[in-house]
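Participant: No sequence on hand, only this structure:
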């Protein structure tokens, strides 16, 4: 079978060690890399780890597991997909971080891959996906690392959680959130939904949501279902005030407290649109408050209806 090799690189205005740390900490990848929906670290021992990644390739959601070897001394991370997603037969590579001076480094991303059956069409598909994702990941890595060295970044990215207590089963509350295709019938603030789950546990959700002022906003998310207690998601079509929105729904049952259902959000504000959306005098703090309020309103509405559903089904 034909093995193809390709390498992409970028120069980043940040110390090499800081860049390496960001690449090593996989739970943050959905915030850094546009194609990445969610990452779970499934095993970790010494410098070896096994991770599961959910990401888009040429606009299609895919999932695979990879083995990684971390070498912080050499600033290198090698990876090899264990169970590639078709049409990939084999995929691996290396992240290489090279210091240029104290505050600058070069990042090289090398890949080798094979296609199932050496199909020329599939090889071209993989080539395009690797090129698109590598170019996007390196550009996003550069932007995010360089932003992290700017003082304002902490103001622009923030997280929060909304929680309700339910006198009912976690499974019923989970089912309510998982069955998003039924939301227009179940949730007053949802006007329209397009919901698909071609791969079990990997969902595509596009919906029109009504705001308090009567306007509707279209968003699109990819969702990853993890057992019957967690649904992680990443919005890929975003409202004007955000450049990033990831989140996790969690459902936990205990003997003493009943069921706890939570909606956690991580958001990065789009400063370029603050004046257009909120007026010329609006500040970053105003935008934080507005986005936090809008997301919490919808989350608590959904959690409230999930609570009613679970308690009716007791």
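Facilitator: Here it is on my side, so go on. Computed from a predicted model, the values in this text were never measured in an experiment.
Participant: What segments of the stretch 201-314 of the chain are strands?
Facilitator: With DSSP state E, counting those that start in this stretch as the definition, the stretch 201-314 of the chain shows strands at residue ranges 202-210, 216-226, 230-237, 242-254, 258-269.
Participant: So residue 17 is in contact with residue 75, correct?
Facilitator: Yes: at 7.3 Å, residue 17 and residue 75 qualify as touching, with contact defined as Cβ atoms under 8 Å. Where you see a C-beta, it was placed from the backbone N, CA and C, and this is true even at glycine.
Participant: So for these two, which sits in the more crowded spot?
Facilitator: A count of neighbours by other Cβ atoms under 10 Å puts residue 75 above the other of residue 17 and residue 75, at 21 against 12.
Participant: Tell me how far the more buried one lies from residue 95.
Facilitator: Distance, residue 75 to residue 95, by Cβ to Cβ, to the nearest Å: 9 Å.
Participant: if I pick residue 86, what's in contact with it?
Facilitator: residue 116 (Cβ atoms under 8 Å, 6 or more residues apart in numbering).
Participant: What strand or helix carries it?
Facilitator: Assigned by DSSP states H and E, residue 86 belongs to neither a helix nor a strand.
Participant: Phi, psi for it please.
Facilitator: Per-residue torsions, residue 86: phi -50, psi 140 (degrees, to the nearest 10).
Participant: and it, what pLDDT?
Facilitator: Listed pLDDT for residue 86 reads 89.
Participant: so residue 105 bridges to which residues?
Facilitator: Following DSSP bridges, residue 105 is listed with bridge partners residue 12, residue 99.
Participant: wait, isn't it in contact with residue 16?
Facilitator: Yes: look at residue 105 against residue 16 with Cβ under 8 Å: they come within range, at 3.8 Å.
Participant: Those two: which has the busier surroundings?
Facilitator: More crowded of residue 105 and residue 16, by other Cβ under 10 Å: residue 105, with 23 against 20.
Participant: What distance do you get for that one to residue 45?
Facilitator: Note on residue 105: its distance to residue 45, by Cβ to Cβ, is 28 Å.
Participant: could you give the mean pLDDT of the helix or strand hosting residue 173?
Facilitator: Taking DSSP H and E as the criterion, residue 173 maps to helix 170-178. Taken as a whole, helix 170-178 has an average pLDDT of 97.
Participant: Helices of this structure, start to end?
Facilitator: Shown for the chain, the helices assigned by DSSP state H span residues 16-24, 29-32, 120-148, 153-156, 170-178, 183-186, 274-278, 284-312.
Participant: where does the stretch 101-250 of the chain dip in pLDDT?
Facilitator: For the stretch 101-250 of the chain, the stretches with pLDDT under 70 are 148-154.
Participant: Mind doing that once more with 90?
Facilitator: In the prediction, the stretch 101-250 of the chain carries residues with pLDDT under 90 at positions 140, 143-157, 198-199, 209-217.
Participant: Okay, and the beta partners of residue 190?
Facilitator: Beta-bridge partners for residue 190, by DSSP bridges, are residue 209.
Participant: give me every residue that touches it.
Facilitator: By Cβ under 8 Å, 6+ apart, the contact set of residue 190 is 183-184, 207-210.
Participant: can we see that at 7 Å?
Facilitator: Each residue near residue 190 by Cβ atoms under 7 Å, 6 or more residues apart in numbering is listed here: 183-184, 207, 209.
Participant: swap in residue 53?
Facilitator: Neighbouring residues of residue 53 by Cβ under 7 Å, 6+ apart: 36, 39, 63-64, 66.
Participant: Quick check: it vs residue 82, distance?
Facilitator: Applying Cβ to Cβ, the value for residue 53 to residue 82 is 11 Å.
Participant: Please enumerate the shared neighbours of these two.
Facilitator: residue 66.
Participant: what's the overlap in contacts for residue 105 and residue 16?
Facilitator: Taking Cβ under 7 Å, 6+ apart as the criterion, residue 105 and residue 16 both touch 97-99.
Participant: Highest neighbour count among those?
Facilitator: Going by other Cβ under 10 Å, residue 97 tops the shared contacts of residue 105 and residue 16 with 23 neighbours.
Participant: Was I right to think it contacts residue 108?
Facilitator: No: assessed by Cβ atoms under 7 Å, residue 97 is found out of contact with residue 108, at 8.1 Å.
Participant: Sounds good, over and out.
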